[in-house]
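[1] sequence and predicted structure, then a few things I'm wondering about:
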Amino acid sequence: MHCPQQVSQLENGFYVAKKRRISSDSADAVYGRRFLHLQCMDSETIFHTEDCNSSGSSMFSPLTEDLMINTRNIEQFSCSRGNFFVSGADGLYSKTISGEVLHLWRFCPQKRKLFISRSFLFKNAQDFHQVRQMLQRL
């Protein structure tokens, strides 16, 4: 965000430049634009995993807390739809559900390739589409 400068009076023969303060009620301000917010619901509608396998044998566990994901470090996002394994709060297999998954891809400098760092499974299609709309606005 650019702060316009104001030139004030002379001090010791030099003009002093001061930055104007940006008021908190500024209409142009966009706060937390690079963050993706996922809210934990009372019912198990959003699941996550950090161990995503390409074979489809990943185990998703319920999201138990609200997340703010910094998208600045994410190289790309991808989406898929299908049936996935879900665990309960204890981490043991509970059931298989159908839903839509959002994959967060990062770059590994040692291997020089992309990898899936985290995946989120959405049981409710409306929640998934809402997150996609947030990503499109980034």
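    It's in.

[2] buried residues in stretch 55-71?
    58-63 (16 or more other CB atoms under 10 Å). In this view, the C-beta of every residue, glycine as well, is placed from N, C-alpha and C.

[3] in helices only, show me the residues you listed.
    Judged by DSSP state H, the buried residues of stretch 55-71 include no members of helices.

[4] wasn't Q126 part of a helix?
    Yes - using DSSP: H, G, I helix; E, B strand; the rest coil, the assignment for Q126 is a helix.

[5] per-residue pLDDT, it?
    Looking at Q126, its pLDDT is 93.

[6] can you pull the buried residues of stretch 100-109?
    100-105.

[7] of these, which is the nearest to Q126?
    E100 (10.5 Å; CB to CB).

[8] report all helices and strands that the longest strand along the chain contacts.
    Longest strand of the chain, by residue count under DSSP state E: strand 93-108. Helices and strands touching strand 93-108, by 3 or more CB pairs under 8 Å, 6 or more residues apart in numbering; DSSP states H and E, are strand 76-87, strand 113-122, helix 125-136.

[9] any idea of the angle it forms with strand 113-122?
    Our comparison of strand 93-108 with strand 113-122, counting by axes from the mean of the first three to the mean of the last three CA atoms, to 10 degrees, yields an angle of 150 degrees.

[10] what lines up beside strand 93-108 in the sheet?
    strand 76-87 (antiparallel), strand 113-122 (antiparallel) (DSSP bridges).

[11] deepest-packed of the ones you listed, please.
    Mean neighbours per residue, mean count of other CB atoms under 10 Å, is largest over the strands paired with strand 93-108 for strand 113-122, with a mean of 18.

[12] tell me the pLDDT at H103?
    95.

[13] also T64?
    Value for T64, per-residue pLDDT: 90.

[14] can you count the residues close to the closest residue to it other than its chain neighbours?
    Excluding its sequence neighbours, the residue lying closest to T64 (CB to CB, 6 or more residues apart in numbering) is C40, at 6.1 Å. Neighbourhood size, C40 [other CB atoms under 10 Å]: 13.
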